[in-house]
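K.L.:
Got a predicted structure here, sequence first:
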Amino acid sequence: MLRRIALAMIGLVLMCSPALAAEKIIVASDCTWPPMEMLDANKKPEGYSTDYLYAIGKAVGMDMEVRNVAWDGIFSGITTGQYDIVASSVTITPERQKQFDFTDPYYEVVQAVVVPEGKSVKSLADLKGKKVGGQIGTTGIFVLRKANVGADIKEYDDVGLAMQDLMNNRIDAVICDDPVAMYYANKKADTAGKLNLSYKTDEKEYYGFTVRKGRKDLVEKLNKGIKQVKASGEEAKIIEKWMGKSN
């Protein structure tokens, strides 16, 4: 009898072992980029990227722990091994690929210009002489600088601070990724209906999860998860949750 009980216990342990052996992954996310990365009412990370990572973890057996980390120190944390992944709407660029490894893309964006309701711009050239805000170190700032249209660029630690200054008429426009622009213009309670997503650039960008250079094992596992999340229909559910149904 005791032998049967022991064998049964061993069987239960073996059945549970995949869950117990799930690889622990520490994720850094600057939760100031809604609806991609943000904090809920209890100050816990949530958003599109967070849900996507949890879905990957479920698919390939990784236990994701997402931590809110300020943008200005997020990449150094990857380099020093404090975090395994940066999941913070990081656009894959040739410059960044020299320093870090990236997964396959998990979201496509363009840059968008937000202005007060009732105002509009038809191109970046229309920003000449205007005060334009954006989050420091983001591709919106890079795109505007490259365009060299004569805008007065003001950089912020948090895109939300730029939006506040726009609402208070301290600046004329904000440039940021289009899902963030749509969130502030259409969904955020204190700004919806007061801002106009007036212009989108043509050039597409792609978000990738960022890992330390040389972590090809982790990249391969994440890419496997991305493929499974897309194929299973889970990606479509996450998109609908945070962005609504597509037309």
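P.N.:
Looks like it arrived, so ask away. Numbers count the residues shown, from 1 in each chain.

K.L.:
how close does G81 sit to I26?
P.N.:
According to CB to CB, to the nearest Å, G81 and I26 sit 9 Å apart. In this view, the C-beta of every residue, glycine as well, is placed from N, C-alpha and C.

K.L.:
Quick check: V121 is in a strand.
P.N.:
No: assigned with DSSP: H, G, I helix; E, B strand; the rest coil, V121 falls outside any strand and is coil.

K.L.:
who's more crowded, G81 and I26?
P.N.:
I26 (16 against 9; other CB atoms under 10 Å).

K.L.:
Okay, buried residues for the helix or strand harbouring the more buried one please.
P.N.:
Taking DSSP states H and E as the criterion, I26 maps to strand 23-29. By neighbour count with 16 or more other CB atoms under 10 Å, strand 23-29 contains the buried residues I25, I26, V27, A28, S29.

K.L.:
Give me the residue ranges of the protein where confidence is low.
P.N.:
Scanning the chain for pLDDT under 70 picks out the ranges 1-21, 245-247.

K.L.:
all strands in it, in order from the N-terminus.
P.N.:
In the chain, the strands defined using DSSP state E lie at 23-29, 38-39, 45-46, 62-68, 85-86, 100-102, 107-109, 111-116, 131-135, 152-156, 173-177, 195-200, 205-207, 210-212.

K.L.:
deepest of the ones you listed, which one?
P.N.:
strand 173-177 (a mean of 27; mean count of other CB atoms under 10 Å).

K.L.:
And it, how far out from the chain middle?
P.N.:
The gap between where strand 173-177 is centred and where its chain is centred comes out at 15 Å by CA atoms, centre = their mean, to the nearest Å.
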